[in-house]
Structure formats: C-alpha cells, structure tokens
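Engineer: Quick one, structure for this:
(3 chains)
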Amino acid sequence: MDTTLLRTEGPSGLQRILLRGAGQVMFQNNAWTGLFFLAGICWGAWQNGTHVVFWGALAGLIVSTAAGWLLGLPGREGDQGLWGFNGVLVGCAFPTFVGNTGWMWLALLLCAALTTWVRTGLNRALAAWRINSLTFPFVLCTWLFLLAARALAGLPDDRMADPALPAAVVPAGEWRFSELAVWWLRGIAQVFLIDSWGTGLLFLAGLLAASWRAALWAAAGSAAGLALALLFGASGADIAAGLYGFSSVLTAIALATVFYRPGWRSALWALLGVAVTFFVQAGMNVLLAPVGLATLTAPFCLATWLFLLPLVRLDDAGHPDHSNWEAENKRHLAPPDARV
Amino acid sequence: MDTTLLRTEGPSGLQRILLRGAGQVMFQNNAWTGLFFLAGICWGAWQNGTHVVFWGALAGLIVSTAAGWLLGLPGREGDQGLWGFNGVLVGCAFPTFVGNTGWMWLALLLCAALTTWVRTGLNRALAAWRINSLTFPFVLCTWLFLLAARALAGLPDDRMADPALPAAVVPAGEWRFSELAVWWLRGIAQVFLIDSWGTGLLFLAGLLAASWRAALWAAAGSAAGLALALLFGASGADIAAGLYGFSSVLTAIALATVFYRPGWRSALWALLGVAVTFFVQAGMNVLLAPVGLATLTAPFCLATWLFLLPLVRLDDAGHPDHSNWEAENKRHLAPPDARV
Amino acid sequence: MDTTLLRTEGPSGLQRILLRGAGQVMFQNNAWTGLFFLAGICWGAWQNGTHVVFWGALAGLIVSTAAGWLLGLPGREGDQGLWGFNGVLVGCAFPTFVGNTGWMWLALLLCAALTTWVRTGLNRALAAWRINSLTFPFVLCTWLFLLAARALAGLPDDRMADPALPAAVVPAGEWRFSELAVWWLRGIAQVFLIDSWGTGLLFLAGLLAASWRAALWAAAGSAAGLALALLFGASGADIAAGLYGFSSVLTAIALATVFYRPGWRSALWALLGVAVTFFVQAGMNVLLAPVGLATLTAPFCLATWLFLLPLVRLDDAGHPDHSNWEAENKRHLAPPDARV
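Structural biologist: Numbering: from 1, shown residues only, chains lettered A, B, ... in the order given. Down below sits the predicted model:
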C-alpha cells in the first residue's frame, strides 16, 4: 500500500478518508489507526475462516463514504472519516449474521449507504440535546435488516441466534489467568464483531498509534466489563466470546477521552459509565432474545447518552459543559450546521 | 349524497371536511378522493363479509374530527381533513382485529378521539426536527389498544395473529401474472387494511381524481414492494394479501409527491425510500411476532422519517430543503403555530 | 423522629429533603406526606414479611439524593425532594423483584444514583416539548437492571414473572364490595409496588396532609382503574393485587391537580387520561410478557405525556397553556435553567 497518500495534506486523499472511517469507530480521526483496524478485521476473518467479513467491511466502508459524497453532505465530515464508520460496521455485521448470497450483498450495500444519511438526520435531531448519534445509525439500520432476514428466504439467518424466551444463565466455571487475557482481548476485537484475541491486539496497537489515552481506556473498559461479568455471574459462553467487553470499550473511550476533558473526575465518571454499560449490555441481551437479535453497540450508545445528556460539569476550567473542552470534539458532538 | 356541499367554498362544509379526512390518509386534501376511498372501504367490507369495518371507519372519522372541534384545535387543520385521517384508520383497524362487542365500540371511539390530540402533540414535538407525525398517531394508539385487547376478555382478540416466536418463512411458489395484478392492487387496498383488489382499483381512481402523480406513485410503490418481496423470498401468504404493498405506497407518495419537489432526483430518492420501507416492513413483521401485533403503517412512518430527517437537497431551485417546495406541503410538515 | 427539623424553614434540613423525596412520588412537596408514605411502605413490608423492601426504599432515597449533591446539580431541585423520588421507587422495586444478595444491594445503589442524573438529562431533553420526565428515570433504569438480572446469576430473578408469550386472560369471578375496597386501596399502595390495603390507607392519609384534592383524585383514579378493569374483563389476579390502580392514581393526580388548573374541564380531561392509562396499562402488560418484566409506572408516564404534549387550553384565565397555571407547578414541568 502506498503510504504516501496517507500522509498527503490535501482534503481528499481517498485512501486516507476510508482509513479514517475505520478509525472513527473508536473515535480516532487517524488513518494509521484505521489501517491497524482493517488489518485486525482481516486477521480475525482469516483466523475464523470467514474471509467474507473482511470483504464486507471494505464494501461497507466504501459504499457509505460514497453515499455521503453523492448526496453532497458537508465535506469536512467526510474528510474526518465520519461517513464511513457506521458503514464498516454494517459490512462486518452482515456476513457475520447472514448467509453469503447475492441478495445479502445487495442488502449490505443498501444498508451501508443508508447509515450515512441516517447519521446526518439523527445528528440533526439530537443536536438540540447536545448529543451525537454515535454508532446508533449502524445499530438501527442493521437491526432492521437483520430482523428482515428472518422474514426473507433470500437472506439466510442460520448464523443468528434462535429466537427464544430468556432462559436460565450458565455462569463461567473455573478459569485461568491465560484465559482471562484472551477474553479481555476478544472484548476489544468484538467492537467490530470479531471473535479473535489477535485482532484485539491489533486494535490496541491501532489506538496506540493515535492516542495512548484511548488505548489505555479501551484496555480498561474491556477489563472492567470482563470483571463485572465474572463477579455478577454472566453467561460463561458470552464472557469467553468477549461479548461483555466491546460496549464497555466504547463507553470508556467516549467518556474518558472524547467528550470530557481528561482528569480524575472524568475518569471516575467513565468508570461509572462502564459499570452502567455492563448492566445495559446484560439487559439488552435479554430484551432481544425473543427475536434472536444481537445488541450490536446499542448498550454503548444508550449508556453514553445517559452520561452525556445531563451536561454535568467535570472540570474547573470554566467550560460550561462537556461539549466545549476541545474544538476537535465539538465535531463529534454535533455538526456545526445542525446546531439549534 | 348532496354533491353540492362537496363543492362549497366555505370553511366548514362538514361532509367535505369528513371526506377530506379520508383522503388525507394518502396525503390528498380532496373530498372526491375521500369519497372514492370510503367507497373502496365499503366495497371491500361487503366483499369480505365484514360490514362492521365500514361502520367502524365512518365512526372513527366522525369522532376524531369532532374531537378536534371540541378541543378547539386550529380550525384550518380541521378544514383540510387533518383531524380525521388517523381516526378513519383506527375505525378500519379495530373491527378487523377485535371481535364485534359493545366494549370494542367504546374502545374504538376513545382511541379514534385520542389520535387527534396525540397528532397535535407529536407534531408539536417533531416540529423542531422538521418532520410530521404522519400516520403514527394511528399506529401508536391502535398498538396500545390492540395489545390491551389481549389482556381484556371484553375485547376478543381471535382475529389477531397468535403470539409466536419468529419462525421459518414459506416463500411464494409459482405465480401467474393475473395473480400478480391482484396482489399489486391488494397492496394499495391494504393502506386502509382492506384485503380486496377491487378496493385497490377504487383507491387508485380516488388518487387520480386529485393528482395523476400521486396515483402513479401509489401504483409504482405497491409494484416495487411486491417485486422486492418476490425477489427476496418473503412469505407467500403475506405477499398474496398485499402486506408488502401498503407501506411502500405511502412512502412513495410521501417522498415523490409531497415532501420533495417532483423531479428525477426526488424520484430516485423515493425509490430508495421504497426499498428501505420493504426491509423495515419485513423486519417489523418479525419484531412484533412475539406479541402477535400487526405493523400497521409504522414501516412507512419510520422509513419516511429516515429519508426526511437529513434535509437532503434534491432540487436546484435554491430551496434550502424539502420543507419549502410548496406552501401547501408546509402544512403537512408542521403546523405553522408549532414551528420552533 | 425529631419533628422540629421537619418544620425548619431553612434550605437544607436533610430529613425534610429526604421525606419530601418520598412525597414527590405523588407530586407532593411535603415532608409530612413523605413520612406517611414511608410509614406505609414500612407497614406493607412488615405485613408481607419483606422487611428488605423498606430498607431498600430508605437506601434508594438516600443514595439518589446524595448523588444530586455530589454532582452539584441545582440545589433548589434537591430542596424540593426532586432528587429522591425516583430513587425511593428503585429501592422498593429491587428487593421486590430480585433476591436479597450483596450484589443486589450493589446494583440497587448504582441504579438509584443513576436515576438522579438520568432525570436531569431527560428533563433537559424534554424541556423543549414542555414536558417533564415524571417517574420515567425510575422506569428506564429499573427496567435495564431487572432485564440484566435475568442474565446474571448474581441477581436471582425468582420473584420476577416467567418470560412467556401472552396467553388467554382469566377475568375476575364474583366479587363482594368488601373485596372491592381492598383492591381499590391496594391500587393506591402499588404506586410504591406494595401489595397491602393498609398501606393504601396510609398513602391516602399522607396525601390528605398536603392536599385534599390530590387525595380525592388518587382515590378516584384507583377506583376508575378498578372499575374499567372489571368492566373490560382484565385478569382477576392482577385486579386483586391492585395492578390496575397505581398508574391511574398517578395520571389522575398529575392531570387534575398538578399540570392543569383545577376545574370542570381539567377534571374531564383527567378522567379521559385515566381511561387511556387503563388501556396503556393492559397493553404494556402484554408487551412486556415475553421478557417477564413489570410495567412499573411507564403507563402513567406515557399516558400523561400524551395528554400534556398537545398543550390543550383548559381554562379561561388567559393562560396560554397548561404549564403556566401556577409557579409551583412550573418547576415540575421543566427546570428553569433547562428551558429552551
């Protein structure tokens, strides 16, 4: 890959925009981070024998970014990769849950493109509340299409959980510390729905390339989710697959490094947020069981919103609220032209 | 019926207001359209031996319109039939799903009246987002009462689907073109929950009386929903009953003729919207299965909102967004006194 | 208990703030009301052999109030007990539905504290719509944690209803008037999830201490919910437990005495609201059956919002809408600093 283009300063290095799109899944406006993330997806897909997940991720990333360009949405959002991060997640989710047919690919492309204008619309709607749609466009659109897959023979749903009433939980048994490390890294990898500890390592490396703080909080978030899941007796199979890690990873990065100025107060606030994310994750697993749907990153979105909406003041710098601590993060919070 | 009154120009021809209420279900502020629609409901009800559906439609229309008058809501909304269109749908839905008891009628009247102020409230709430509640007041109120019917012996729920976990789908088998035409027309009739192709013809005639463009897009919407359902392998029974048509009909009319200035760009946008409506319809069928609830027109509402919220610019006339292309349509978008 | 403190006029009598917190569950900014309410909880808990419910209520009240103080939220809200009313309900709900383990207490404390900033956030978000979050912070947070309990072995869910598809209803059989009185009083007691008619009497006494009007409407609300449930054939077991009373009690107090100026018009409006609350209650019972979740006070919140959002004018005093009839009630509607 020609890394020169990645360093180009112009507004429209296409590769850079795409790579940033992957990086923005964890709030990093950084092409190198995105490159590590795509490498992690690739590694996990090959490890698990599901190559199609990698190709789906690429297709989703490209189509959702192209949709922003075709619709003439504000270009500075595209430059930061903000058109692509929902699409790349759609591209990971479809081949993970739906059988590999031509109709699946058609649905994937439509859904990935859809996330781009759903994001614009939701951000506009949420701007008055000073929150951002986060990854909820991915969650909403993918939920709708995955539910549809159950009603459409052209979209085989064999890889989705069987619809079932919530049943008794089987907690994890004895465990060794080496297992803990694997589960912890899988928790980070599951942000992109990948079940592979090697992918988790590559994701951590990608975060380090952009921000040691983000990497630290990703690691802490997954560890905290894992610890709470073990203490409260969550399902052993879910714990081992890293399914109590990914939402906590995202909440931790969002609250501790993106929306609040880093400090001891925001660190405590982020830890509270991670704890709440854990309960929301467990609760949504139960809520969606009757239709056999995965929570995707909805627990992260809901918990983070609950910690952003009150506009609690956590620093002494005279900033009126969390949205002002740095210009870069204002853009995450709400597109300037949508502010009410 | 005295058709003179229908032509009267004054602000308060009662019959005209009621007929417009029926017409507004498909966005037509036109008494003749409403007359055709009521005729279509009547025809379908007699064909299917469910006369009570027609009487329900009339009762719902009258009561919801009267509620607007009793509450002193802005009269110009009432003149356009905007108090009655949710109520007439409530009146079709109750006898379709609930057994014909005195308690059913009491619940129908309360629910129809309720839609009028729920519409006012939701339009007020949604005005800042520059969207309109569409038929969602009907959907929300009817859902609540149909769910309640399952818990109340006085409201027999025999005609509702049994609550069940989502099961494997049985796609349509071989079909002939004559069947396609019937299914296509039923898709239009199902906007008012009527399972009759003759009703579909009458509805098309009613649309033609007001706007050839609306009729064309209604026809195209039902055809597109039908084609997608066959291609993606949706349930054959649902396809034959027209259940993949009605939401697409409404999305097509809304996006191609009401909220955006007609043109090739808005035509493409409307086709995308119809495709998304199809997946939302399939998905919501699955989501509501465990409580055995019909989607009603919720897929239309959700999909149309997703295509209106981003305020995408689709014309070159210097209009800042979809809400300004014609004064008539501004009123659909948000009551002027509720604008923030 | 030193009742002097209760009468102190200063801004920060801690006991008074806590007692007002209990009183605010039924909109009474009155420490004596709160004292009666806590006595009612205590009585019911001892009667039913579930002492832990009383200790939970106290813990939830204290922790949620402390959370508001620790976060530095506006003090005048705290003075009125507005930090504590969601927390005291969390404290009643957790030991009612979840087994008495150390983990339950940890979750209870986190959830009770969470309601305080969720309330701040939701009130801020809803201010533009001129509605208030009511008891929805309690509902939302408790739902999430109760759902999580099904997925966590550390939170035993034996006392929750088994997840089940909605089944046929068994209406009440013959009844005597003495039974009616018991069911009616239980309907009032269930506002705090207590199944005891003695508690209902104590709650009525508490309301009388603050406002004869609130007591009257609480009594009328429970009676109307009970009558509708008997007429429409709701589940006999639910009726006997008072489960068709509590939401109607709250809607009646809110619409007839808090948000609209008392009068014959607002009385009719409140009765309509109580009728709608009844159907919403029955409907939500069905909706939540597949995950075995209680509705909590959600039917009250939803129905009351539907009657507040349209800003219907019900008095002749020249007030533009319901939010202005008395300064005291403005504060319920939206915190002044959050008004848009």
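Engineer: Show me the shaky parts of the stretch 201-340 of chain A.
Structural biologist: A:315-340 (pLDDT under 70).
Engineer: The residue in it positioned nearest to chain B: how many residues sit nearby?
Structural biologist: Residue nearest to chain B within the stretch 201-340 of chain A: residue A:290 (4.5 Å; C-beta to the nearest C-beta). C-beta here means a position set from N, CA and C on the backbone, and glycine is covered the same way. Neighbours of residue A:290 under the rule other C-beta atoms under 10 Å in any protein chain shown: 23.
Engineer: Can you report phi and psi for residue A:235?
Structural biologist: Torsion angles at residue A:235 (phi, psi; degrees, to the nearest 10) stand at phi -60, psi 130.
Engineer: wait, it sits on residue A:167?
Structural biologist: No: counting by C-beta atoms under 8 Å, residue A:167 is not a contact partner of residue A:235; they are 10.1 Å apart.
Engineer: And the two? Which one has more around it.
Structural biologist: residue A:235 (21 against 11).
Engineer: Tell me which helix or strand residue A:32 sits in.
Structural biologist: Using DSSP states H and E, residue A:32 maps to helix A:31-47.
Engineer: what is the rounded mean pLDDT of that helix?
Structural biologist: Helix A:31-47 comes out with an average pLDDT of 97.
Engineer: what does stretch A:176-188 give?
Structural biologist: pLDDT averaged over stretch A:176-188 gives 96.
Engineer: list the buried ones in that stretch?
Structural biologist: Buried residues in stretch A:176-188, defined by neighbour count with 16 or more other C-beta atoms under 10 Å in any protein chain shown: A:182, A:183, A:184, A:185, A:186, A:187, A:188.
Engineer: what's around the residue lying closest to residue A:81 once chain neighbours are set aside, how many residues?
Structural biologist: Spatial nearest neighbour of residue A:81, chain neighbours left out: residue A:20 (2.9 Å); criterion: C-beta to C-beta, 6 or more residues apart in numbering or on different chains. Residue A:20 sits with 28 neighbouring residues when counted by other C-beta under 10 Å.
Engineer: swap in the one 4 residues further on?
Structural biologist: When counting by other C-beta under 10 Å, one arrives at 24 neighbours for residue A:24.
Engineer: my read: it touches residue A:82, true?
Structural biologist: Yes: Residue A:24 is within contact range of residue A:82, at 6.0 Å (criterion: C-beta under 8 Å).
Engineer: So residue A:280: helix, strand or coil?
Structural biologist: helix (DSSP: H, G, I helix; E, B strand; the rest coil).
Engineer: separation between it and chain C?
Structural biologist: Here the criterion is C-beta to the nearest C-beta, to the nearest Å. By it, residue A:280 lies 5 Å from chain C.
Engineer: Burial check on that residue, number of neighbours?
Structural biologist: 28.
Engineer: And for residue A:63?
Structural biologist: By other C-beta under 10 Å, the burial measure for residue A:63, its neighbour count, is 23.
Engineer: Please identify the helix or strand for it.
Structural biologist: With DSSP H and E as criterion, residue A:63 is part of helix A:51-70.
Engineer: can you tell me if that helix touches chain B.
Structural biologist: No: judged by C-beta under 8 Å from any C-beta of the partner chain, helix A:51-70 and chain B are separated, with a smallest distance of 10.0 Å.
Engineer: Give me the nearest residue to residue A:117, chain neighbours excluded.
Structural biologist: residue B:310 (4.4 Å).
Engineer: what about the one you found, neighbour count?
Structural biologist: 22.
Engineer: cool, residue A:264 as well?
Structural biologist: 8.
Engineer: any idea how far residue A:256 is from it?
Structural biologist: Remark: distance between residue A:264 and residue A:256 (C-beta to C-beta, to the nearest Å) = 11 Å.
Engineer: and residue A:100, what helix or strand is that in?
Structural biologist: With DSSP H and E as the test, residue A:100 turns up in no helix or strand.
Engineer: OK, contacts around it?
Structural biologist: residue A:52 (C-beta atoms under 8 Å, 6 or more residues apart in numbering or on different chains).
Engineer: Check which helices and strands the helix or strand harbouring residue A:228 is in contact with.
Structural biologist: Using DSSP H and E, residue A:228 maps to helix A:212-231. Contacts defined by 3 or more C-beta pairs under 8 Å, 6 or more residues apart in numbering or on different chains; DSSP states H and E place helix A:212-231 against helix A:177-189, helix A:197-210, helix A:236-240, helix A:246-253, helix A:264-287.
Engineer: Distance to residue A:78 added to those helices, as TSV?
Structural biologist: Formatted as TSV, the helices and strands packed on helix A:212-231 follow (distance: least, C-beta to C-beta, whole Å):
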stretch	distance to residue A:78
helix A:177-189	27
helix A:197-210	19
helix A:236-240	36
helix A:246-253	22
helix A:264-287	29
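Engineer: Quick check: which of those helices is buried the most?
Structural biologist: helix A:246-253 (a mean of 31; mean count of other C-beta atoms under 10 Å in any protein chain shown).
Engineer: Can I get that helix in CSV, CA atoms only?
Structural biologist: The C-alpha trace of helix A:246-253 is given here as CSV (Å, rounded to 0.1, in the frame of the first residue of the first chain):
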residue,chain,number,x,y,z
PHE,A,246,-17.0,-4.2,23.3
SER,A,247,-19.6,-1.8,24.6
SER,A,248,-17.6,-1.0,27.7
VAL,A,249,-14.6,-0.3,25.5
LEU,A,250,-16.5,2.3,23.5
THR,A,251,-18.1,3.9,26.6
ALA,A,252,-14.7,4.1,28.3
ILE,A,253,-13.1,5.8,25.3
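Engineer: Now do the phi/psi pair for the closest residue to residue A:233 other than its chain neighbours.
Structural biologist: Of all residues not flanking residue A:233 in the chain, residue C:153 sits nearest, at 3.0 Å (C-beta to C-beta, 6+ apart). Note on residue C:153: its backbone torsions stand at phi -60, psi -20 [degrees, to the nearest 10].
Engineer: any idea how far residue C:153 lies from residue A:276?
Structural biologist: Residue C:153 sits 20 Å away from residue A:276 when distances are taken as C-beta to C-beta.
Engineer: Please parse chain A into its domains.
Structural biologist: A:12-151, A:177-338 (automatic domain parsing).
Engineer: Export those domains to JSON lines and append columns for distance to residue C:129.
Structural biologist: Shown next, in JSON lines, are the domains of chain A (distance: least, C-beta to C-beta, whole Å):
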{"stretch": "domain A:12-151", "distance to residue C:129": "11"}
{"stretch": "domain A:177-338", "distance to residue C:129": "14"}
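Engineer: circling back: residues touching the helix holding residue A:32, excluding its own?
Structural biologist: Contacts for helix A:31-47 (C-beta under 8 Å, 6+ apart): A:1, A:6, A:15-16, A:18-26, A:28, A:51-54, A:57-58, A:81, A:92, A:189, A:192, A:194-196, A:198-203, A:205-207, A:209-210.
Engineer: How far away from the center of its chain is it?
Structural biologist: Remark: helix A:31-47 is offset 14 Å from the chain centroid, using C-alpha atoms, centre = their mean, to the nearest Å.
Engineer: Buried residues in it, which are they?
Structural biologist: Buried, per 16+ other C-beta under 10 Å, within helix A:31-47: A:31-45.
Engineer: between that helix and helix A:197-210, how many degrees?
Structural biologist: Going by axes from the mean of the first three to the mean of the last three C-alpha atoms, to 10 degrees, helix A:31-47 is angled at 180 degrees with respect to helix A:197-210.
Engineer: Please name the nearest non-neighbouring residue to residue A:200.
Structural biologist: Using C-beta to C-beta, 6+ apart, the nearest residue to residue A:200 is residue A:185, at 3.1 Å.
Engineer: Pull up the gap between that neighbour and residue A:202, please.
Structural biologist: 10 Å.
Engineer: Tell me if stretch A:244-256 is near chain C.
Structural biologist: No: Stretch A:244-256 stays clear of chain C (C-beta under 8 Å from any C-beta), getting no nearer than 9.8 Å.
Engineer: Cool, thanks, talk later.
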